[in-house]
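A structural model of the following input is requested.
(one chain, ligands or ions: 1)
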Amino acid sequence: MAQSADSPLEAPLVIKGNTEELSRKDRKAECQLAPNPFLFLPDSSHAHAVGLGAGTIKKMNIQIITLFPEMFAEVLNTSMLFKAQDKGLASFSCINLRDYGLGPRKQVDDTPYGGGDGMLLKPEPLFAAVETAKANDPKATVLLMTPRGERYTQAKARALAKTTGLIIICGRYEGYDERVTSVVDQQISIGDYVLTGGEIPAMVVADSVVRLIPGVLGGETSAEVESFSDGQTLEYPQYTRPEEFKGMKVPNILLSGNHGEIAKWRKGQNKQYD
Ligand code: ADE
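Below you'll find the model as predicted:
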C-alpha cells in the first residue's frame, strides 16, 4: 500500500542517523548550511547501482543546471523525494549556471541577434555546465525544459525512469541560444503555457520520474504500480472516514464489502491518461 506523504518511514534509515528524528526544520537548516543545498549522498556524482538487501537496485542521479539552485532545496528534500535520497535510490545535485558565466560579472545572458526584446542565455556557460554534468555522468540523458519542447506525459516519465541519470537544463529569461540544443537529447514542455523559467518544470520531471523508481513508493515496485493501473490510468475517487461529511456520503458500493463489485466500480471511475 502506498504511504501517505507524511507517514513515517517503514524502516529506519541510517543516513545521517535516524532520519525519523530529522525534522523538516533540521533538514532546511542543513540545506542552507551545506555549500550545495542538497543532501548529497557521498557518491552522488555518479549514477550507479546500489546494493539494498537482496539483488541490486538502480539509483537515479539527477543533475539540474539552473541559475536558481536555492529554489530546489525545499522541494527535493521533502516527502517522497527526500525519502528516495535517504533510501539511496536517487541523488540530486545542482550546477549553478552562474559559476560558468563569462568575465568578472559572470555574464550568462545577452541580447538576441536580429533585435528583439529580452535577453537570451548565452551558449558558452550552458555548454560548459553540460560538459561538467556529463563528466560526472557520461551516460545521462540531457533534457532542456522549454515551452517549445514535446509535451511531457506519463509515458515519458516511465521512459526516463528506466535511465540511470538525467541532466536537466532550466531555460530562463526570454530564451536561450538555439545552439545549446545540439547537446540536448530531449526538449520537454510540461504544458502549453509559459513559465518564468524551467525550474518548476524540472521539479515536475524529477518528482514524476523518481516516484517510478522501484522501491521509492513504500515497498512497491514500479512494475506493481503499473500492473495496478496498467500505467495508463489515473486513480479513481477515494474516501476515508467519516462515512458522511457535510451531507456528502461515501458511495454505498465502497461500504458493501463486495470486493469484486468495488474493483469494477473503481475501473469504471478511472480517468485515462492522454
Ligand atoms: N519554461 C517555461 N515554460 C515552460 C513550460 N511550459 N514547460 C517547460 N519549460 C518551460
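
Any stretches of this protein with poor pLDDT?
1-56, 173, 219-232, 273-274 (pLDDT under 70).

if you set the cut-off to 50 instead, what comes out?
Low-confidence segments of the chain (pLDDT under 50): 1-54, 221-229.

Show me what the longest helix anywhere in it is packed up against.
Longest helix in the chain by number of residues (criterion: DSSP state H): helix 123-136. The helices and strands touching helix 123-136, judged by 3 or more Cβ pairs under 8 Å, 6 or more residues apart in numbering; DSSP states H and E, are strand 60-66, strand 90-96, strand 141-151, strand 165-170. No exception for glycine: its C-beta is placed from N, CA and C like everyone else's.

who wins for proximity to the ligand among these?
Each of these has some distance to the ligand by Cβ to the nearest ligand atom; the shortest is strand 141-151, at 3.7 Å.

quick one: contacts for the most centrally placed residue in the chain?
Nearest to the mean C-alpha position of the chain, by Cα atoms, centre = their mean, lies Ala206 at 1.1 Å. For Ala206, the contact set (Cβ atoms under 8 Å, 6 or more residues apart in numbering) comprises Ile62, Ile64, Leu76, Leu81, Phe92, Leu166, Ile168.

rewinding a little: can I get the helices and strands packed on helix 123-136 in CSV with mean neighbour count and distance to Ser189?
Shown next, in CSV, are the helices and strands packed on helix 123-136 (neighbours: other Cβ atoms under 10 Å; distance: least, Cβ to Cβ, whole Å):
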stretch, mean neighbour count, distance to Ser189
strand 60-66, 26, 17
strand 90-96, 24, 22
strand 141-151, 19, 4
strand 165-170, 27, 13
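
Where does Pro138 sit: helix, strand or coil?
Three-state call for Pro138 (DSSP: H, G, I helix; E, B strand; the rest coil): coil.
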